[in-house]
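Have a look at this prediction, sequence included:
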Amino acid sequence: MCGIAGLFIKEARLQPRLGELLASMTSTLCSRGPDSAGFAVYTAGEPGKAKLTLTSVAERVDFEALAVVLSRAVGASVSVTGRYTHAVVTVPNDLVRLCRDWISKNAQDVRILSEGGNLEIYKEVGYPDDVARSFDIASLAGTHGIAHTRMATESAVTTIGAHPFSTGPDQCLVHNGSLSNHASVRRELQRDGIVPQTENDTEVAAGYLSRELRRGRTLGQALTSSVDDLDGFFTFVVGTKNGFGVLRDPIACKPAVMAETDDYVAFASEYRSLASLPRIKSAKLFEPKPATPYFWEH
């Protein structure tokens with residue numbers, strides 16, 4: 001019984017409030033998932049640069065020192081911004097692969113949670129309101145974001161086991177439900193070069209969508225094909241660099257409600273998460289239909 005939320009800003013004047021609104025939406029879902037929480041936010045990027053969101057699986061890493069050594073190793077300027085137990089390292093686009101490889105080989109306690117020009121992911125074990133405050137999610141501006149409160153059922157309660165999961169550049173996913181064929185899909189993904197870092201079935205779903213997008217499909221097409229290829233009960237909320245998508249399984253047993261105005265599109269597991277949004281009383285409210293992809297793009 002996890003809680004999921006998402007907010008896609010249409011009107012630029014609301015972008016400074018993205019983190020504030022998303023944190024408020026997520027706060028009402030604490031009871032649905034009290035053991036960990038996470039936020040994926042699409043923030044402003046720098047031309048020619050990519051962001052790597054990092055965390056540590058052991059003691060807190062000195063990310064400032066890591067960035068200095070990484071800069072020397074790749075022969076280019078690397079900047080770092082710390083946020084609680086995470087850090088966002090900004091690197092030249094053409095050196096992303098080199099930086100990832102160096103971190104994997106030389107910083108074995110560090111995990112890369114996301115990569116992309118705009119995406120930043122912050123997730124941690126703990127009560128969701130505490131997680132949001134620790135990362136100061138309310139201060140973040142951006143174009144869209146998704147969030148999750150987790151009640152673990154099939155894998156360990158750890159930082160990297162929390163949602164959202166990112167398996168491709170500027171791609172992420174949160175999930176309420178359970179996949180019954182995640183083991184077989186995991187093997188397929190590994191053959192295709194996508195290797196999940198955790199045992200969480202949600203990471204498999206994220207990897208599936210990344211693979212389909214890599215193959216040239218649109219987000220809508222990838223969501224449509226997942227209805228046939230992923231077995232189980234689920235509600236997905238997905239983020240890409242320019243887009244935001246929602247999908248429920250054919251039975252649609254997990255709760256979901258959406259609101260749309262001229263200013264935003266919002267998703268939540270429960271209506272009370274939407275109640276504090278601007279002009280919610282004039283929004284178009286609807287329940288997403290089963291096996292029907294919904295997606296919006298900037």
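It's in.

Check the gap between the closest residue to residue 98 other than its chain neighbours and residue 95 for me.
Spatial nearest neighbour of residue 98, chain neighbours left out: residue 74 (5.3 Å); criterion: CB to CB, 6 or more residues apart in numbering. In this view, the C-beta of every residue, glycine as well, is placed from N, C-alpha and C. Remark: distance between residue 74 and residue 95 (CB to CB, to the nearest Å) = 5 Å.

just residue 8 next, same as before
31 Å.

higher neighbour count, these two?
The residue with more neighbours, out of residue 8 and residue 95, is residue 8; 25 against 17, by other CB atoms under 10 Å.

Contact partners for the more buried one?
Residue 8 makes contacts with 143, 144, 244, 264, 265, 266, 296, as judged by CB atoms under 8 Å, 6 or more residues apart in numbering.

element containing it?
Element membership of residue 8 [criterion: DSSP states H and E] is strand 3-9.

After that strand, which helix or strand is next?
Counting by DSSP H and E, the element after strand 3-9 in chain order, helix or strand, is helix 18-27.

Run through who's touching that next one.
Defining contact as CB under 8 Å, 6+ apart, one finds that helix 18-27 is touched by 3, 5, 7, 9, 14, 37, 39, 41, 128-129, 132, 137-145, 147-149, 266, 268, 273-274, 276-278.

Weed out the non-buried ones from the residues you listed.
By neighbour count, with 16 or more other CB atoms under 10 Å, these hold 3, 5, 7, 9, 14, 37, 39, 41, 128-129, 132, 137, 140-145, 147-149, 266, 268, 273-274, 277 as buried.

Which ones among these lie within strands?
Judged by DSSP state E, the subset of those located in strands is 3, 5, 7, 9, 37, 39, 41, 144-145, 147-149, 266, 268.

Could you report the pLDDT at residue 154?
For residue 154, the pLDDT comes out at 68.

same thing with residue 248?
pLDDT, residue 248: 97.

Name the residues linked to it by a beta bridge.
Beta-bridge partners of residue 248, counted by DSSP bridges, are residue 235.
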